[in-house]
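*Asks:* For reference, the sequence and a predicted model appear below.
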Amino acid sequence: MEKRLTKMETMLERILQCVESNQRSSTSSKLDILSISSVAELRAFEDIDEETYCKVMNYFHYIGSFNLKEAINLCFKESLQDAFTPCLTWWGREKQ
């Protein structure tokens, strides 16, 4: 649990850095890294560098939304391929 909280805190700090640095370049084209279609690609996405992370956040900001639920839905649709989403759960897969 501690590890998960630390990871979430780190992610929030990274988001804050992107917002504070005003790197809101108009990233209107979808990045190649946002076509996640496998667990390996998802794990690679978790280890992206700061510059790529900021570009992804800027893209998500660009696509925007009117409410939180819609924003999250759009971010998932833009980053994960439809065929891959049934393989995911909120808590991860149990080892079988």
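*Replies:* Thanks, I have it.
*Asks:* Spell out the residue ranges of the helices in this structure.
*Replies:* 2-20, 39-46, 50-63, 68-79 (DSSP state H).
*Asks:* nearest to residue 31, of those?
*Replies:* helix 50-63 (6.0 Å; C-beta to C-beta). Bear in mind the C-beta positions are built from the backbone N, C-alpha and C, glycine included.
*Asks:* Only the buried residues of that closest one, if you could.
*Replies:* 53, 54, 55, 56, 57, 58, 59, 60 (16 or more other C-beta atoms under 10 Å).
*Asks:* how near is the second one to residue 70?
*Replies:* Using C-beta to C-beta, to the nearest Å, one obtains 23 Å as the distance from residue 54 to residue 70.
*Asks:* low-scoring stretches of the chain, by residue?
*Replies:* 20-28, 66, 92-96 (pLDDT under 70).
*Asks:* ok, now which ones touch the residue nearest to residue 80 when sequence neighbours are not counted?
*Replies:* Taking C-beta to C-beta, 6 or more residues apart in numbering, and ignoring the residues beside it in sequence, residue 80 has residue 36 as its nearest neighbour in space, at 5.0 Å. Contacts for residue 36 (C-beta atoms under 8 Å, 6 or more residues apart in numbering) come out as 42, 45, 79, 80, 81, 84.
*Asks:* And residue 6, by the same measure?
*Replies:* Taking C-beta under 8 Å, 6+ apart, one finds nothing in contact with residue 6.
*Asks:* Relative to residue 57, how far out is residue 6?
*Replies:* Counting by C-beta to C-beta - residue 6 and residue 57 are separated by 20 Å.
*Asks:* Residue 15 too?
*Replies:* Taking C-beta to C-beta, one finds residue 15 at 6 Å from residue 57.
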